[in-house]
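> dropping the sequence and predicted coords here.
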2 protein chains.
Amino acid sequence: MAEAASRRRGRGGGGAARRAERTAVSIETAKYIERNIPLYDILDDEALEIIETNAEIILEEVGVNFVENPRALERWREAGADVQGERVHIPRGLARKLCSTAPSRFTQHARNPERNVEIGGNTLVCAPIYGPPFVRDMEGGRRYATMADFERFVKLGYMSKWLHHSGGTVCEPTDIPVNKRHLDMLHAHMTLSDKPFMGSVTDPSRAQDSVEMCEILFGKDFVRDNTVMTSLINVNSPMTFDEVMMGALEVYAENNQACIVSPFIVGGAMAPVSVIGTLTQVLAEVMAGIAYSQLVRPGAPVIFGAFVSSIDMNSGAPTFGTPEASQIIYGAGQLARRMGLPFRSGGSLCGSKLPDAQAAYETANTLNAVLLGGVNFMLHSCGWLEGGLVASFEKFVMDADQLGVLHKLAAGVAADENGQAMDAIREVGPGGHYLGCAHTQANFKEAFWRSDVLDYKPFETWQDEGERDTMQLANAKMHQMLANYQQPALDPSISEALATYIAEKKASMPDAFS
Amino acid sequence: MAEAASRRRGRGGGGAARRAERTAVSIETAKYIERNIPLYDILDDEALEIIETNAEIILEEVGVNFVENPRALERWREAGADVQGERVHIPRGLARKLCSTAPSRFTQHARNPERNVEIGGNTLVCAPIYGPPFVRDMEGGRRYATMADFERFVKLGYMSKWLHHSGGTVCEPTDIPVNKRHLDMLHAHMTLSDKPFMGSVTDPSRAQDSVEMCEILFGKDFVRDNTVMTSLINVNSPMTFDEVMMGALEVYAENNQACIVSPFIVGGAMAPVSVIGTLTQVLAEVMAGIAYSQLVRPGAPVIFGAFVSSIDMNSGAPTFGTPEASQIIYGAGQLARRMGLPFRSGGSLCGSKLPDAQAAYETANTLNAVLLGGVNFMLHSCGWLEGGLVASFEKFVMDADQLGVLHKLAAGVAADENGQAMDAIREVGPGGHYLGCAHTQANFKEAFWRSDVLDYKPFETWQDEGERDTMQLANAKMHQMLANYQQPALDPSISEALATYIAEKKASMPDAFS
């Protein structure tokens, strides 16, 4: 809403305008990140070639399972794989060749075209947390998530400047029947936000419902010709593709909608305890899954996914923000780029039970690897707590604020005359200060990234205001954002059609809670 | 103390040994980091050349001030600079040429040779916080630091596995007269720890005292031939070298002791608000300071320092862990490497008043840049709070634990047969799990980095234990470390000689408190 802000500025002059600027409700969304900085390559070519060779060996010799999915086995057989029962042995080179029809970059459309995102190449699109059954906030503590919580997260996502994407299952609305909640979740994303969103994957029929709701929102022709959803297809690691996830993938691929094909790995449990071994398995799994998407529809948009945590061998708990996880993000990014595919990893991952220092260390370690590792689509960008069991309202706001750091770092360093600042250095000279110099006056507004949540106040002010820690500051910010929330306008006829579709769907089946 | 631990293991067999291992007091120090991973270069050659050209222009045309230091002016005049009053104009190329006699890498010796550190090349040496007048812990809150606090920090540093260096002014012992506290601080480093340490820089005479105390500790001949201190010489940015800091640098250089020549910059106040402008000024300042050290004694060991924070233009507060600060760490590292000099930057920098999520985000952002940016000597590696005004006991322990992440990440990725783990992948196959496989059994102990502070427990256990946040966990760990502290042995005659030296020095002058 940069335009709205400037209109406001235009209305009054001088002091009035500045006051308006300070008090105006800002519903501004930054453009997705386009990196103007190099990426970090942790692996050399030799290591990458070892991984690629070994992944082909796995696909051919060990094979992958496509469970309870005769149509998939048929497709693989037709493509030249050796199918034994549900085990698919993919001859060397075949999976990679099939993957080559997938686009290296695609546009996901939002109902507000200003919110469209480009996924691939030098971009980074940030989407919120996905999947937790619990929520936590300072007022209510840890509890099962409800649809009211879900809607609150969608609103916060809409109000978060650095968040480009509304996400999918930001939390599980456990008060809605399992077989109906996807309708309410999609409805919330479609009506409470105008950012792009994700479709349902918990059953092929729900993927189909997602497509049909998008046809109402965007129009049938538009959905036929454009990608309007990016959905999360987890691989059941090691090397197992179940019928639910593959069924959803089939629906989305047939409809030219994007899927993230993403091994979900707790290291040491679902993959070997070594980085190279894990990367090898990830590559094999992603190649098999993406190859299959291209068998369903050549050219269907896909993302190379890698969700890998470490494990604490003492307690068996998954751990996050660890050095091994960073190494895997860097390495998987390299593998994805060598395939020319968009890459998904990372997020605000942490194992902490509270939005405390542990949560922030672990999250920041991951966010740094995401930026330099070339991630194009970051799910779980904000709000993740307790190994993904909990969506935290305060952490959502804290993390979403930190995404601003990534935007500014990615913008790179200007070495033009203004960036060189030689006039300033000459003007100020030894022993002077820069606060008042012309270059500072001209540049200070954009010069330094500034948090909207963290504390920059003098000690005494901070003390007078109650010695609030980050969680408390984020809680206040969260309430402020919700108070300032304004629902984006939607054509009433579309709104009505969506409501009718949902009502009819819900009436057509009994409630199911498991 | 790996040896001691293994002796303990050797004593009993089987279960007894394992119990001993679990309960043994571990006073283990990791070797300084040797990076086995690539560095991250954010700037291209063109930008680096612009900075280098402009820095030469600054040195020649704007010049730098050497304040109240006739001997320095004389040295510069002799070297070919154009000296006008206290302003030294250094002809293009001269400073860089003078810097070329500085070593690219040096050993700083500790009294325990196992604790020696190599500074330069691919190494990263971690030293604790430096300089704060206040301390904070959960029991006592925020208060002026005392000598008792100082000693507590030295003990914690000694007990911290990932900390290679005991540091210098870990906090200001404000209960000791200003003109005498350096003696007590050095005494604490020398007797409560056996890790390397820093010398005093607050007066040339105190630098001289530091050298003399080292002569007692290491022997005169040893100190003449070896570097036993690395001390912090701040540049009074912009482009001013004051007589106190330069006086200390002169003492250290003459004695072949190492100095960090480090601009101390709050961006927008002491340097331009642009990254390239700041890097240009940093380079000019460091070149002038290091060139001067080489005029004092060619070959004296030095470190290219850069301490740069952003500024919040709303409140004027310095801000940390920001994208601009990371860009400057990356860029300054490149400049230092092009000069073939060891590089100092970073640390556990944050603006937060508490060891909370803000503190951890900001710290982790900096630590990640330090590792990939090629820092060789990291001052403030742990314990920094509130913009450096406060040394936090809890944050010291939390940050020192996070340094373990850097160690493991820096070790790189093994692509050998064991790392490839193909046997494990074949053994487990689709749908299996890796927890019990042979490769996991053989590798799990070293496979994943594990925090000694953070919470990895099941939710219910965590809840039963009082829902502790990271600060509370670190507080408990801190008390445990202090309870387990064992003073390293020191030759009683050295101990006595140090005590005598300090007593005589103290008796020779009246107390001064400012």
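On my side now, so go ahead.
> CA atoms for contacts and neighbours, from now on please.
Fine.
> quick check, stretch A:37-51 touching chain B?
Yes - on the criterion Cα under 8 Å from any Cα of the partner chain, stretch A:37-51 is in touch with chain B at A:37, A:38, A:40, A:41, A:42, A:43, A:47, A:50, A:51.
> all strands of the stretch 151-300 of chain A, in order?
Assignment of strands within the stretch 151-300 of chain A using DSSP state E, counting those that start in this stretch yields the ranges A:230-235, A:240-241, A:258-266.
> mind listing what's buried along the top helix by length along chain A?
Longest helix of chain A, by residue count under DSSP state H: helix A:275-296. Using 16 or more other Cα atoms under 10 Å in any protein chain shown as the test for burial, helix A:275-296 gives A:275-296.
> what does stretch A:428-443 give?
Under 16+ other Cα under 10 Å, the buried positions of stretch A:428-443 are A:428, A:429, A:430, A:432, A:433, A:434, A:435, A:437, A:439, A:440, A:443.
> how far away is the first one from residue B:268?
From residue A:428 over to residue B:268 the distance is 11 Å, taken as Cα to Cα, to the nearest Å.
> find residues that contact each of those two.
Here residue A:428 and residue B:268 have residue A:434 as joint contacts, going by Cα atoms under 8 Å, 6 or more residues apart in numbering or on different chains.
> which residues sit in contact with residue A:395?
Per Cα under 8 Å, 6+ apart, neighbours of residue A:395: A:355, A:382, A:383, A:384, A:385, A:471, A:474.
> where's it, which helix or strand?
Using DSSP states H and E, residue A:395 maps to helix A:393-410.
> and the helix or strand following that helix, what's buried?
Next helix or strand after helix A:393-410 toward the C-terminus (DSSP H and E): helix A:417-420. Buried residues in helix A:417-420, counted by 16+ other Cα under 10 Å: A:418, A:419, A:420.
> so the second one touches residue B:279, yeah?
No - contact status for residue A:419 versus residue B:279: not in contact, 10.4 Å apart, counting by Cα atoms under 8 Å.
> quick check: neighbours shared by the two?
Contacts common to residue A:419 and residue B:279, judged by Cα under 8 Å, 6+ apart, are absent.
> is it true that residue A:124 lies in a strand?
Yes - assigned with DSSP: H, G, I helix; E, B strand; the rest coil, residue A:124 falls within a strand.
> mind listing what the closest residue to it other than its chain neighbours touches?
Excluding the flanking residues, the one nearest residue A:124 by Cα to Cα, 6 or more residues apart in numbering or on different chains is residue A:376, at 4.1 Å. Taking Cα under 8 Å, 6+ apart as the contact definition, residue A:376 lies against A:119, A:120, A:121, A:122, A:123, A:124, A:125, A:342, A:343, A:344.
> chain B: which of the residues you listed is nearest?
Nearest to chain B out of the contacts of residue A:376 is residue A:122 (Cα to the nearest Cα; 15.0 Å).
> what's the burial count for that closest one?
19 (other Cα atoms under 10 Å in any protein chain shown).
> distance check, it against residue B:322.
In terms of Cα to Cα, residue A:122 sits 22 Å off from residue B:322.
> now do residue A:66
46 Å.
> with residue A:175 instead?
41 Å.
> now do residue A:56
According to Cα to Cα, residue A:56 stands 42 Å off from residue B:322.
> which of the two has more residues huddled nearby?
When neighbours are counted by other Cα under 10 Å, residue A:56 and residue B:322 differ, and residue B:322 comes out ahead with 27 against 24.
> tell me where the stretch 1-150 of chain A has strands.
Going by DSSP E, counting those that start in this stretch, the stretch 1-150 of chain A shows strands at A:33-34, A:64-66, A:82-84, A:87-89, A:105-108, A:117-120, A:123-126, A:134-137, A:141-144.
> and of those strands, who's closest to residue A:211?
Among those, the nearest to residue A:211 by Cα to Cα is strand A:105-108 (13.9 Å).
> so how far is the closest one from its chain's centroid?
Remark: strand A:105-108 is offset 14 Å from the chain centroid, using Cα atoms, centre = their mean, to the nearest Å.
> which residues sit against that strand?
A:116-121, A:196, A:226-230, A:301, A:341-342.
> now do it, average pLDDT.
Taken as a whole, strand A:105-108 has an average pLDDT of 98.
> quick one, grab the pLDDT at residue A:212.
At residue A:212, pLDDT is 98.
> likewise residue A:316?
Reported pLDDT for residue A:316: 89.
> cool, residue A:20 as well?
pLDDT at residue A:20 comes out at 49.
> before we move on, what about residue A:514?
The per-residue confidence score, pLDDT, reads 73 for residue A:514.
> where does it sit: helix, strand or coil?
coil.
> distance of it from residue A:181?
12 Å.
> please identify which of those two sits among more neighbours.
Counted by other Cα under 10 Å, residue A:514 and residue A:181 do not tie: residue A:181 has more neighbours, with 23 against 6.
> what about the closest residue to the more buried one other than its chain neighbours, neighbour count?
Distance criterion Cα to Cα, 6+ apart; nearest residue to residue A:181, sequence neighbours excluded, is residue A:173 at 6.8 Å. Per other Cα under 10 Å, the neighbour tally for residue A:173 reads 26.
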